[in-house]
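**Q** just the structure for this:
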Amino acid sequence: MKKSTIQAVTIAGHDSDGSAGMPADLHAFFADGVYGHGILTAAVSGNSYGITASQVMPKEFIAEQFRVLREDFNIKAAKTGMLANDDVINAVADNYSSADFGPLVVDPVIITKHGAMLLEQSAYELFRKRIIPLAKVITPNFYEAQKLTGFTMDNREERVAAAHKLQKMGAKNVIIKGAHNSDDQASVDDFVLLEDGNSFWLSKPYVKTNRLNGTGDSFSAIIAAELAKGNDVKTAVTKAKNAVYAAIASPLTVGHKFGPINHWEAQKELTEGDL
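**A** Now for the predicted structure:
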């Protein structure tokens, strides 16, 4: 019998310009040699200038997507993106628990990399209660980690403490991504706390660019893809960091303002890493 193709699923919103959300996740899965499925939670109308409209999927539709994928496919890992409101969060938590989709990577899309809140307070509280405990890996950006833990993270010690707090909230492995919003910074430094208590830092040079859309999505998607392959979390996170840096360092010319990272460069990095 022919060996099944490695498969993962993204549970996320769709961005019409293809730069972030589910499109970025599927680009990242493909770049890492994993077939990607998608459970749509929301959709936005937007381009490189910004978002103009949005639509949240009904909870019944989200549940049906879980059902049909579970009945047919051998999905080995999953990741979340935008979970827009209480109904979406409950639908995802209820259905993921029985879906048998492997380890879950939670990209907590609650605050943008510029610090703007994306969820209402009730949905935020529900996310903390129902989604974080499901996470094999959680990948908050700097501002999300601040919000989730209450730490200012003005120094490395506070970022370490914040990661331990997220573990106490139920996430097994924690990656707190470094901020990349100062033109005079030399590097972007991520702190990784593993389930067994070991920890380490991952650093890459800061790249000044406005082509960063989909950075967090792709990072978490590559981690999910690597877990689907059976790799450990340390390997998955390291490969994701290297691939996303390569994608940022060689930006694409798509759109007139804010643009996507370059998944072709990520694919090169991931392919070379497997040789």
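
**Q** CA atoms of the top helix by length along the chain as PDB?
**A** In terms of residue count, the longest helix belonging to the chain (DSSP state H) is helix 233-249. What follows is helix 233-249 as a C-alpha-only set of coordinates in PDB (Å, rounded to 0.1, in the frame of the first residue of the first chain):
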ATOM      1  CA  VAL A 233       9.500  20.800  18.700                       C
ATOM      2  CA  LYS A 234      13.000  22.100  18.900                       C
ATOM      3  CA  THR A 235      13.800  21.000  15.400                       C
ATOM      4  CA  ALA A 236      10.400  22.400  14.100                       C
ATOM      5  CA  VAL A 237      10.900  25.800  15.700                       C
ATOM      6  CA  THR A 238      14.500  26.100  14.500                       C
ATOM      7  CA  LYS A 239      13.600  25.200  10.900                       C
ATOM      8  CA  ALA A 240      10.600  27.600  11.000                       C
ATOM      9  CA  LYS A 241      12.800  30.500  12.300                       C
ATOM     10  CA  ASN A 242      15.400  29.900   9.600                       C
ATOM     11  CA  ALA A 243      12.800  29.600   6.800                       C
ATOM     12  CA  VAL A 244      10.900  32.700   7.800                       C
ATOM     13  CA  TYR A 245      14.100  34.800   8.000                       C
ATOM     14  CA  ALA A 246      15.000  33.700   4.500                       C
ATOM     15  CA  ALA A 247      11.500  34.700   3.300                       C
ATOM     16  CA  ILE A 248      11.700  38.100   4.900                       C
ATOM     17  CA  ALA A 249      15.300  38.800   3.700                       C
END
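
**Q** and that helix, what other elements does it pack with?
**A** When contacts are defined as 3 or more C-beta pairs under 8 Å, 6 or more residues apart in numbering; DSSP states H and E, helix 233-249 packs onto strand 137-138, strand 173-176, strand 187-193, strand 199-205, helix 215-228, helix 263-274. (Glycine included, C-beta is placed from N, CA and C.)

**Q** what helices or strands is the fifth one leaning on?
**A** Right, helix 215-228. Using 3+ C-beta pairs under 8 Å, 6+ apart, helix 215-228 is in contact with strand 7-15, helix 22-31, strand 75-80, strand 104-106, strand 137-138, helix 233-249, helix 263-274.

**Q** just checking: what are the partner strands of the helix or strand just after the second one?
**A** Spelled out, it's helix 22-31. Later in the chain than helix 22-31, the nearest helix or strand by DSSP states H and E is strand 35-47. As defined by DSSP bridges, the strand partners of strand 35-47 come to strand 7-15 (parallel), strand 50-56 (antiparallel).

**Q** could you say which one of the ones you listed comes nearest to Lys136?
**A** strand 7-15 (12.4 Å; C-beta to C-beta).

**Q** all helices of the stretch 51-200 of the chain, in order?
**A** Here the stretch 51-200 of the chain has its helices, by DSSP state H, counting those that start in this stretch, at 59-72, 86-96, 121-130, 142-149, 156-168.

**Q** contacts for the longest helix of the chain next, please.
**A** 28, 31-32, 136-137, 173, 175, 190, 192, 194-195, 198, 200, 202, 204-205, 207, 209, 211-212, 215, 218-220, 222-223, 226-227, 231, 261-263, 265-270, 273 (C-beta atoms under 8 Å, 6 or more residues apart in numbering).

**Q** what subset of these is buried?
**A** 28, 31-32, 136-137, 173, 175, 190, 192, 194, 202, 204, 211-212, 215, 218-220, 222-223, 226-227, 261-263, 265-270 (16 or more other C-beta atoms under 10 Å).

**Q** can you list the buried residues in stretch 159-167?
**A** For stretch 159-167, the neighbour count (16+ other C-beta under 10 Å) marks 159-160, 162-163, 165-167 as buried.

**Q** out of those, which one sits closest to Lys257?
**A** Arg159 (30.7 Å).

**Q** residues touching the closest one, list them.
**A** Taking C-beta under 8 Å, 6+ apart as the test, what Arg159 contacts is 145, 151, 153, 176, 191.

**Q** pick the one among those closest to Ile51.
**A** Closest approach to Ile51 among the contacts of Arg159 (C-beta to C-beta): Ala145, at 23.8 Å.

**Q** tell me the pLDDT at the closest residue to that closest one other than its chain neighbours?
**A** Among residues not flanking Ala145 along the chain, Ile176 sits closest, at 4.6 Å (C-beta to C-beta, 6 or more residues apart in numbering). Ile176 carries a pLDDT value of 97.
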